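[1] Dropping the sequence and predicted coords here.
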Amino acid sequence: MTRDFDESRPVAPALIDEMVELASRAPSAGKAQGWHLVVLAGAETARFWEITLPADRRPGFRWQGLVRAPVIALACADPGAYVARYSEPDKVATGWGSGPEAWPAPYWTIDASMAVMTLLLAAEAKGLGALFFAVSTGASELRASLGIPQELELLGALALGWPDPKAPSGAGRSGTRRRRPVDAIVHRGGW
C-alpha cells in the first residue's frame, strides 16, 4: 500500500474509468452491483482532508505523503440494491427481498469489498500506488458535504496516484508483521 504520492502527476479520468470498468466485473450477488465510488480528484481532494484531517491536526500526522494523493475515492455499498434485486421474480423465493435483516451475510459489503480489491489490483497493474483506509473522523460531515445518501454504507477511502519516487520505501509498522503461514489459515477436512 502506497502512502507517499507524487502530487505533480495527476491521474487521468480515463485511467480511473478503465480501472472502475475492471472492478465492475468483480463478483456480485444476483448481479445487483450495489457499489458506488465518489471520486475526488486534484483540488477536490482538499474537501476530504479539510473534514477528515483538519489543518491543525496535520503536523502530527505520520503519513504526510498521503495528503498529496491526487485522487481520493470513497467506496460505498448499497443494501437497498440487493433487497430490490432479490425482490425480483427470479430471486424472490430466497426471501431476501424483505429487507437487509433477511440476508445471512451483508453481500452488499462483501461485493463492494471485492470490487475495491479489484480496483486496488488494477491500480497496481497500471503502475499506480493505492491505499485503502478507514474514514475514522468526520464521516457524517463528509457524507453531508458530498451528498452521499444516508442509506449507503461508507466503507472507506482509496487514495490513488503515482508513487512519490523520492519517498523512502517500506510499509508502516504493520508491514513488518509476518504473514501467517498457509497451514495456520487452511483447515483441511474441518477445523
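    Happy to help now that I have it. Note that the structure is a prediction, hence the values are computed from the model and not measured. Numbering: from 1, shown residues only.

[2] Any figure for the gap between residue 32 and residue 58?
    Counting by C-beta to C-beta, to the nearest Å, the separation of residue 32 from residue 58 is 39 Å. All C-beta spots, glycine's among them, are computed from the backbone N, C-alpha and C.

[3] If you count surrounding residues, which of those two has more?
    residue 32 (21 against 11; other C-beta atoms under 10 Å).

[4] For that one, list the residues it contacts.
    By C-beta atoms under 8 Å, 6 or more residues apart in numbering, the contact list for residue 32 reads 81, 82, 84, 85, 86, 107, 108, 111.

[5] Nearest to residue 135 among those?
    Each of the contacts of residue 32 was scored against residue 135 by C-beta to C-beta, and residue 108 proved nearest at 17.5 Å.

[6] Can you spell out which helices and strands pack onto the helix or strand hosting the closest one?
    With elements taken from DSSP states H and E, the one containing residue 108 is helix 107-125. For helix 107-125, the packing partners by 3 or more C-beta pairs under 8 Å, 6 or more residues apart in numbering; DSSP states H and E come out as helix 13-23, strand 35-41, strand 71-77, helix 79-85, strand 129-133, strand 153-161.

[7] so how far is it from its chain's centroid?
    Distance of helix 107-125 from its chain centroid, counting by C-alpha atoms, centre = their mean, to the nearest Å, is 7 Å.

[8] Okay, buried residues for that helix please.
    Within helix 107-125, the residues scored as buried using 16 or more other C-beta atoms under 10 Å are 107-109, 111-116, 118-120, 122-123.
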